[in-house]
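Chemist: Predicted model, plus sequence, below.
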Amino acid sequence: MIALVLALALQSDAKAAHLGLESRAPTQKEGKDLGLPVLVGRHLGQIVESVEKDGPAAKAGLQEGDIVLQLDENKLYSRDELDDFVATAKPGAKVRAKVKRGDKEEDVAVALGERRREAKAVVWEYSGPAQLAAAIEEAKKRRTLVLIGISGAET
């Protein structure tokens, strides 16, 4: 799965968004047993392995064993896609997580937390093909170029 990421700025000591959970991709057997859709050999979703006590995910009601299928319009076929989404979000942003719990899917509102970003890091402002049009529009307004990259080891 290719995780498309777009950068428009280089910043230092900026604040970064924080979700407060650890996740992993479902195994092929888990994906099949759970009836998760497949794209390019990967099942949709990230299985929540742990939730940070009092973190944003916990406050939103996410639990160990939940499957996060989507964040806003971005479907999650790898941990990279989840990480890229959070890396491009603003601290305090309200996001919609589509979550599978048991046989039911539900939308859960999550207010992202804040953490310190590494100094002088490229700040990825958009993630995934769903945000490509917005990134190009913003680049036109700023009269700047768009940097497009492929993220992570899972790709």
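Modeler: Perfect, I can see it now.

Chemist: and stretch 63-70, how far out from the chain's middle?
Modeler: Here stretch 63-70 is found 12 Å from its chain centre; the criterion is C-alpha atoms, centre = their mean, to the nearest Å.

Chemist: same deal with stretch 73-82?
Modeler: 5 Å.

Chemist: Buried residues in that stretch, which are they?
Modeler: 74-82 (16 or more other C-beta atoms under 10 Å). Quick note: C-beta positions are derived from backbone N, CA and C, even for glycine.

Chemist: Could you pull out the helices in the chain for me?
Modeler: For the chain, the helices defined by DSSP state H occupy 28-34, 56-59, 79-88, 132-142.

Chemist: on that earlier part again, go through the buried residues of stretch 73-82 and say which is closest to residue 38.
Modeler: Of all the buried residues of stretch 73-82, residue 38 sits closest to residue 77, with 8.8 Å by C-beta to C-beta.

Chemist: Residue 53: neighbour count?
Modeler: 7 (other C-beta atoms under 10 Å).

Chemist: Can you list the low-confidence ranges for the protein?
Modeler: Residue ranges of the chain with pLDDT under 70: 1-14, 117-124, 145-155.

Chemist: Kindly recompute the last result at 90.
Modeler: 1-16, 39-41, 80, 84, 87-88, 115-155 (pLDDT under 90).

Chemist: Ok, which of the helices of the chain comes nearest residue 47?
Modeler: Taking those one by one with C-beta to C-beta, helix 28-34 is closest: 7.2 Å.
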